[in-house]
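1. prediction below, plus the sequence it came from.
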Amino acid sequence: MGETVLAAGAGQQGKTESKKHPSLPKEGPYIQPGMAHMGQFRPMKDHQDIMGETVLAAGAGQQGKTESKKHPSLPKEAVAMMMEWLRNHKDNPYPNDDEKAMLIKQTGLSINQINYWFTNARRRILPKWAQCKT
């Protein structure tokens, strides 16, 4: 099995010579486990991470950053219903369990979607309304 071998001798410390494994692509040296820190690695192609997002290979301009995927928007009717509830309860914008159950039935959204929407609305929408008031 081919591996990266450190060359011995004065003045050659840290240099490597590469023995290629026959089944590996010829585009770069094989990296012995634990040797990646030496800076010798085979270029990666773009790939998908475990969440399915495209990860750009290092050197592709993005240095391994993921491309953000937009989540599908909530239905406009559902947002309108929650927005109306928020307007009517802006002094206490925390729906109780019964109110959440009512919103779930009316909107068809899950409890998590309702909870996240109200969390985000309290952070994003209410401060804007407060600014308009002053």
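-> That came through, no problem. Numbering: from 1, shown residues only.

2. which single helix of the protein contains the most residues?
-> Of all the segments of type helix in the chain, defined by DSSP state H, the longest one is helix 111-133.

3. show me what that helix is packed up against.
-> Counting contacts by 3 or more CB pairs under 8 Å, 6 or more residues apart in numbering; DSSP states H and E, the secondary-structure elements packed against helix 111-133 are helix 76-88, helix 97-107. (Each C-beta comes from the backbone N, C-alpha and C, glycine too.)

4. buried set for the shortest one?
-> I take that to be helix 97-107. By neighbour count with 16 or more other CB atoms under 10 Å, helix 97-107 contains the buried residues 100, 103, 107.

5. and for it, what's in contact with it?
-> Residues external to helix 97-107 that are found in contact with it (CB atoms under 8 Å, 6 or more residues apart in numbering): 74-75, 77-78, 81-82, 85, 95, 109-111, 114-115.
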